[in-house]
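1. need coordinates for the following:
(3 chains)
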Amino acid sequence: MAQEITDEMVDSLEILAKLDLSGEERKRVKRDLGQMLDYIGRMNRLDTEGVEPLYHVTSQVNVFREDEEEGSAGREEILAGAPEAMEGCFRVPRTVE
Amino acid sequence: MREIRRWPAAELAGRIKKREIKAGEAAAAYLEQLRTAEPELNSFITVDEEGAMAQADRIQALVDRGEDAGPLAGVPVAIKDNLCTRGLGTTCASRMLADFVPFYEATAVERLRAAGAVILGKTNMDEFAMGSTSETSAFGPVKNPWNTAHVPGGSSGGSCAAVAAGQSLCALGSDTGGSIRQPSSYCGVVGLKPTYGTVSRWGLVAYASSLDQIGPIARNVEDCALLLQAISGGDRRDSTCLGREDTDFAAGLTEDVRGLRIGIVSDYFDQGLDEQVASAVRRAAGILQRQGALVEETALSLAEYAVPAYYTIACAEASSNLSRFDGVKYGYRAGAQEGLHAMYRRTRTEGFGTEVKRRIVLGSFVLSSGYYEAYYEKALRVKALIVKAFDEALSRFDLLLGPVSPTTAPLLGNTGENPLQMYLSDIYTVSVNLAGLPAISLPCGLDAEGLPIGLQLIGRRFGEQTILRAARAYEKACGGFALSPMAERGQEAAGSEEGRKRDEKSPDGTEGKGGMPA
Amino acid sequence: MKKQYETVIGLEVHIELATRTKIFCGCSTAFGSAPNTHVCPVCAGMPGSLPVLNRRVVEYAMAVGLATNCRISPLCRFDRKNYFYPDNPQNYQISQLYLPICRDGHIDIETETGTKSIGIHEIHMEEDAGKLTHDDWAGETNVDFNRSGVPLIEVVSEPDMRSADEVIAYLDKLRLIAQYLGASDCKLQEGSMRADVNLSVRPAGSDVLGTRTEMKNLNSFKAITRAVENERERQIEILEAGGRVVQETRRWDDNKERSYPMRSKEDAKDYRYFPEPDLPPVMISREWIESVKKRQPELRDQKKKRYVSQYGLPAYDADILTSDKKLADLFEETLAYCSNPKKVSNWLMVETIRLAREHGIGIDQVDFSPANLGKLICLQDKGTINGTVAKEIFAVIFADDVDPQKYVEEHGLLAVTDEEAVRRAVVQAMEANPQSVADYLSGKKKAMGFLVGQTMRAMGGRADPALVNRLVSEALDEAAAK
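-> Here you go, the predicted model:
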């Protein structure tokens, strides 16, 4: 019951993960992902009927900060590593056509 | 010089505070060894000689003024390169962050500095901590100081190799599925993964947030305790940090294990475990028994489901955690692209290495609609059962004992093409992360090839004290742990070469250390 | 005959909360600062940064939930919604999918056919995104993270509305609730309240839901009304032509008065939600709920009732005064300076609303101090100024918030209270209008009003009306006695 990895699935994963998976890499992804899914699918042999998913391993709840200003970073610091910045803003290729 | 490097942390700090030696001398001694061993090991991505000497001078000034210079006064430390260091490059061994210099600092690093530690540099690792060999680094693989044909383990391979080679007295690593314990085992050093929530994760570049913990790597148990003590405790910047107050790990360190109930996890000795590893671990159990511990076999079950559950959860979280690397705010951006989404895709395709992409793809898949319940949610149910199994076992035992890894360090270049095989080497470590428990790796002998074998002790939640006590008893009974032969040589050969300032590598492993693995 | 269709509408309303700091970090939420100046590693999505929840966000969400009759979840969690977009620095939004903080509430609205209950499916907490501005010249987009991490609640209604009017009534009610609670200023234009409209149509009488679309970019009540009408027509046309409505998100273009599908190959539409591992759950005890309830300020309906019972205002006045929190606040604050509720009410209901309309501003933007209105009313009560002058001065107060006492003095607007001067004017008026005097004397009492008016006119409108009344009356009595 190996999980078959179709090109459509890889196309969709490319969009979700923002990766280009073509040529050799696509072949490898299909193979690796198929193998991994087979392997992790092994979990299904374990009966988890009635077991609640465990989200947090500690029993901690209600960790808050109060609504008090703690100051921000300087704009130069925020933008220091930006691949492209202008007029105090990060800059990206146009988002709307 | 060689003398200085023999002293453990407490002794070194003590001598500096008593002004027997200067903090600068200690830093210089380690930097010299670091330089000497580095061409063979590639355990560092950035060496900050200037910053280290400046911090040593600050410590010295405190000492000279008669002020408290801290419990780690002048102690040289290496920091895994996924921990943010203010003003010092933090690459996660990825092309994606090759030029990233944070303006903020990880809480653990901040605390080490406050305790007087001197930061020598940033250590090499698997890219974004994803790997078990330190070969997925964009800065070239790290070598094992016991035998440079072998890997040091991973992902904190650089930190463990640096300690084993005497390049640093101790180090910080991070452990998501064994990333401190496994390389500690391969490099013959002491590495501890604390209870989830003990050390603040602020400033640790997240791999899998629900599993990541920062921990100490040292050459002996006491140093490990000292370091853990320095970095533990509450932090309002990390909501999952518990604010423990029982962090006096070093002071409470005794070596009395009489009456301590230790369970040998029998499932860990099933198929796949190397015989030499098995017998060394059993021998270690025997030593603890002779010290007065009550040792017996116990089953833990579920071990075969731990790795599948681990990879499902870790990759799911990673796919989300690593989505922030997109070429917009920091880090790598691919050259001119037609449109936003093409920029995203090229940037991430070029910026991430193969293993990182493999995990992002798997993680995106297990969270995607139609598969979430079958994989991700299922893994969380398995995790619940694993926690229950540990709770049950640890209600009968104070500690669980087993190997860290099925084998000793494999040869370099062997794992690239078969990810599953690499993932399986995490079989004894990942369930500890799933359950949020503390565990330590201790050297327990060498195999026939002279490679170190690791012993794992797993404690109850908040049971670090007990783990350290047993570890100390074991260490004492074996007469201490030896560093790699590399730590002992090289001093005489090392000339008085003027210190390079800040040695930063480019992301393809320059200086002829070999490129990325295939 | 053409088929009849029923419109089915549900709303997703985002309300920006009035906290001082962001939801997960200590950066200020202040509006209108230079780009990227209220930003830190957390809200810029820097590596290694972690979120810590602002307690007040939880309390505001609880307060709105309680005021909309919701059940407060004893345990709620945050989830990550994963999608790539540059206004979202982490490329995931921290929101709530699986266990939202409030559920199963309702709001009652007034419709033509009486009171109608609109169900609230849930309210959840989440973070706002940054701001994108497009540089058309360079073909690039600028990103500012000042708004990134500003706390929002999303109020998701049931598909219970059937017309644009109901939508507006619901939004108005929700706006008032949040404003009265102090949880938000709810300004549609500034984006502190945003509504997405889910709309479908079905043949009248059917109880099967049609395929719905989601409409975004609705920046005013007018735009919402137009978009609802437009989308209803569009869907009916498709169905009438035998087509099928496509389930999609559409963007309203208010200038062109039509909507466009927001579709792109790169829009994944699969958000891969999973529980946020960086934030422990929020556990809400009964005690906590009670303490929030206790601190809950007076809401509109309570206020309306109190205005009638405590101040003896007509129900009509109470309704208008409470139609905006700002108006109610002005009313109560002005009463501290002037103890005549009905008079204060009149000034607010009539003049204030008229002037706001004249200035083209909303009531929430009215900005004068209650003290000045209070003083103005007192001046008029004491006869220092008369009504005409008072209106004149109020216009100045409305525009420039001047002190009426000073203004009157500086502009020589004090009412003439000099009896002799007024008496002279009365005598003149009577001499000039003997017919009116005769009319009065022959029993046509109305004629007195004319004489009062003539006297006032002679005084240039500045005489104290009470004084004029008295003196005209006295003079007529005298004439009668002769």
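2. what pLDDT does the residue of the stretch 1-150 of chain B found nearest chain A get?
-> As assessed by C-beta to the nearest C-beta, chain A sits closest to residue B:103 within the stretch 1-150 of chain B, at 4.2 Å. In short, each C-beta sits where N, CA and C put it, glycine included. The model reports residue B:103 with a pLDDT of 97.
3. could you do the one 5 residues further on as well?
-> For residue B:108, the model assigns a pLDDT of 98.
4. list the contacts for it?
-> Applying C-beta atoms under 8 Å, 6 or more residues apart in numbering or on different chains, we find residue B:108 in contact with B:83, B:172, B:199, B:200, B:203, B:204, B:214, B:231.
5. show me which residues of the stretch 51-200 of chain C sit near chain B.
-> C:51-53, C:80, C:82, C:84, C:86, C:89-92, C:141, C:143 (C-beta under 8 Å from any C-beta of the partner chain).
6. can you do 10 Å?
-> Contact residues, the stretch 51-200 of chain C versus chain B (C-beta under 10 Å from any C-beta of the partner chain): C:51-53, C:80-92, C:139-141, C:143, C:145.
7. restricted to buried residues, select the residues you listed in PyMOL.
-> Buried members of these can be picked out in PyMOL with the line below, counting by 16 or more other C-beta atoms under 10 Å in any protein chain shown:
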select buried, chain C and resi 51+52+53+80+81+82+83+84+85+86+87+88+89+90+91+92+140+141+143+145
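8. the residues of the stretch 51-200 of chain C next to chain B also near chain A: which ones?
-> Checking these against chain A (C-beta under 10 Å from any C-beta), the matches are C:51-53, C:82-87, C:89, C:91, C:139-141, C:143, C:145.
9. low-confidence stretches in chain A?
-> Along chain A, the model assigns pLDDT under 70 to residues A:1-2, A:96-97.
10. rerun that using 50 as the cut-off
-> By pLDDT under 50, the low-scoring segments of chain A are A:1.
11. for it, longest helix please?
-> Counting by DSSP state H, the longest helix found in chain A is helix A:23-40.
12. after it, next one along is what?
-> Where DSSP states H and E defines the elements, the next helix or strand beyond helix A:23-40 is strand A:64-65.
13. which secondary structure elements does that next one sit against?
-> strand C:53-54, helix C:55-67 (3 or more C-beta pairs under 10 Å, 6 or more residues apart in numbering or on different chains; DSSP states H and E).
14. against which helices or strands is the helix or strand just after the longest one packed?
-> The reference is to helix C:55-67. Downstream of helix C:55-67, the next assigned helix or strand under DSSP H and E is strand C:71-72. The contact analysis (3+ C-beta pairs under 10 Å, 6+ apart) places strand C:71-72 against helix C:55-67, strand C:102-111, helix C:286-295.
15. let's see that with 8 Å instead.
-> In terms of contacts (3 or more C-beta pairs under 8 Å, 6 or more residues apart in numbering or on different chains; DSSP states H and E), strand C:71-72 is packed against helix C:55-67, strand C:102-111.
16. hmm, back to that, how many neighbours does the residue of the stretch 1-150 of chain B closest to chain A have?
-> 16 (other C-beta atoms under 10 Å in any protein chain shown).
17. before we move on, what about the one 3 residues further on?
-> Burial measure for residue B:106: 30 neighbouring residues, criterion other C-beta under 10 Å.
18. now the closest residue to it other than its chain neighbours. Its backbone dihedrals?
-> In this structure, residue B:106 finds its nearest non-sequential neighbour in residue B:203, 2.6 Å apart by C-beta to C-beta, 6 or more residues apart in numbering or on different chains. Geometry field for residue B:203 lists phi and psi as phi 90, psi 0, criterion degrees, to the nearest 10.
19. near residue B:203, how many other residues are there?
-> 29.
20. how close does it sit to residue B:80?
-> Noted for residue B:203: a distance of 11 Å to residue B:80, by C-beta to C-beta, to the nearest Å.
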